[in-house]
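>>> Next come a sequence and a model predicted from it.
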Amino acid sequence: MKTNQAMKRALYQFLGILFFWSAISTCIIAQQDSMMTNVPENKPVKNTFNSIWLIDDQTVMVPIKGTFEFDLQHRFGLINSENQDFGGLFAPSNIRLGFEYVVLNKLMVGFGITKTNITWDANAKYAIFKQMQNGGMPVSVTYYGNAAFDTRSKDYFTNPDEIQTADRISYFNSIIIARKFSDRFSLQFTGSLSHFNTVEAYKNDAGETVDKYNNDHLEIGLGGKYKVSPVTSILVNYDQPITTHNVQDPQPNLSFGVEIVTSAHQFQFFMTNFYNITPQRNMLFNNNNPWDGDFLLGFNMTRLWN
């Protein structure tokens, strides 16, 4: 009898201890779940730049998957031209029409046509890394590249009978590194390589035929955005040539302007000394010297559907 009572007492104690630890464990797990719920998810930083363009250069931005974008880029003539063309507004302008589509969350592809040399381009942009909000990756890194095709008639070339299809092709590759320092201020650094399969030649003093330019050209760039209102930002970018050439080295680019954004549009109005719009032509063939005041007015307009 006493044995049965002792067994019952031991069983009740065991069940009590089991219930006690079950209650404690449940509270601990619930508290851990609550703490995990309150920890913010580490997401990429948004709106480092509002557009894929920073005046003349690409930004790190790749829109969300499924976005279709239309670009209109326009450059007027030189403001300080001696021609009576109303500060370049009536001079021959340069225009590019571009179309892009984001096939993946980090990958955008597109094509465009530029008035200069009736140049068609196919381009791609990939966001390699994205700056994170709560630690981790401190910068965003994006690759941009294109292949451009000069579609002018053979008669425009020095030796029309010798022009091959490959001679018309040029390439542009760039790595863009950017950081959003605050809700107002973002900065980016760009390193780019331009390549032309064929460049113009000339005869030197020794009577030898040599190329005016190297086929490959390196350039670095720096640009920034400062937001002055929810929809308005000040933009600045500068591009410095690195490679030297046989005849004439290209001039650096200095651009500054204003950006106005809506949910589906970006408008950029600016002054620049880049005229060609196609990046590899801008980098290698820019003869407008900003330090001599060789500026022209321009604007970029983008329209997004997503």
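Noted; the coordinates are in hand. Residues are numbered from 1 along each chain as shown.

>>> I'd like to know how far the residue lying closest to Val210 once chain neighbours are set aside sits from Ile64.
The shortest distance from Val210 to any residue other than its chain neighbours is 5.6 Å, reached at Asn204 (Cβ to Cβ, 6 or more residues apart in numbering). Heads up, the C-betas are built off the backbone N, CA and C, glycines and all. Between Asn204 and Ile64 the distance, using Cβ to Cβ, to the nearest Å, works out to 53 Å.

>>> Which stretches in the stretch 151-300 of the chain count as helices?
Assigned by DSSP state H, counting those that start in this stretch, the helices in the stretch 151-300 of the chain fall at 279-285.

>>> any weak-confidence spans in it?
Within the stretch 151-300 of the chain, no range satisfies pLDDT under 70.

>>> Might one say that Gln251 is in contact with Asn289?
Yes. With contact defined as Cβ atoms under 8 Å, Gln251 and Asn289 form a contacting pair (4.8 Å).

>>> For those two, list the residues in contact with both.
Asn273 (Cβ atoms under 8 Å, 6 or more residues apart in numbering).

>>> Between those two, tell me which one has more neighbours.
Neighbours were counted for Gln251 and for Asn289 using other Cβ atoms under 10 Å; Gln251 has more, 20 against 13.

>>> show me what contacts the more buried one?
By Cβ under 8 Å, 6+ apart, Gln251 lies in contact with Pro241, Asn273, Asn286, Asn287, Asn288, Asn289, Pro290, Asp294.

>>> Throw together a ChimeraX command that grabs the buried residues out of these.
Only the buried members of those end up in this ChimeraX selection, burial being decided by 16 or more other Cβ atoms under 10 Å:
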select :241,273,286,288,290,294
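
>>> Next, format the contacts of Gln251 as JSON lines and append distance to Phe76.
Listed next are these as JSON lines, based on distance: Cβ to Cβ, whole Å:
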{"residue": "Pro241", "distance to Phe76": "24"}
{"residue": "Asn273", "distance to Phe76": "12"}
{"residue": "Asn286", "distance to Phe76": "16"}
{"residue": "Asn287", "distance to Phe76": "17"}
{"residue": "Asn288", "distance to Phe76": "12"}
{"residue": "Asn289", "distance to Phe76": "18"}
{"residue": "Pro290", "distance to Phe76": "16"}
{"residue": "Asp294", "distance to Phe76": "13"}
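
>>> what's the closest of the contacts of Gln251 to His74?
Closest to His74 out of the contacts of Gln251 is Asn273 (15.3 Å), distances taken as Cβ to Cβ.

>>> how close does that closest one get to Val199?
Relative to Val199, Asn273 is positioned 22 Å away (Cβ to Cβ).

>>> Could you tell me the phi and psi values at the residue nearest in space to the middle of the chain?
Centre of the chain computed as the mean C-alpha position; nearest residue by Cα atoms, centre = their mean is Thr59, 2.3 Å away. Taking degrees, to the nearest 10, you get phi -110, psi 180 for the backbone angles of Thr59.

>>> now it, nearest residue through space, not along the chain?
Distance criterion Cβ to Cβ, 6+ apart; nearest residue to Thr59, sequence neighbours excluded, is Phe49 at 3.9 Å.

>>> So Lys130 is in contact with Asn105, correct?
No. Lys130 lies out of contact with Asn105 (Cβ under 8 Å); the separation is 9.9 Å.

>>> Just want to know which of these two has more residues nearby.
Neighbours of Lys130 and Asn105, each counted by other Cβ under 10 Å, are more numerous for Lys130; the result is 22 against 13.

>>> how about the more buried one, phi and psi?
Main-chain dihedrals, Lys130, degrees, to the nearest 10: phi -130, psi 140.

>>> so what's it scoring on pLDDT?
At Lys130 the predicted local distance difference test score is 96.

>>> circling back to that earlier point, just give me the neighbour total for the residue nearest to Thr59.
Phe49 sits with 24 neighbouring residues when counted by other Cβ under 10 Å.

>>> Spell out the secondary structure type for it.
Taken by DSSP: H, G, I helix; E, B strand; the rest coil, the conformation at Phe49 corresponds to coil.

>>> so how far is Thr198 from it?
Summarising the geometry, the distance separating Phe49 from Thr198, computed by Cβ to Cβ, is 34 Å.

>>> What residues does the residue nearest to Thr59 make contact with?
With Cβ under 8 Å, 6+ apart as the criterion, the residues that contact Phe49 are Thr59, Val60, Met61, Ala178, Ser186, Gln188, Lys225.
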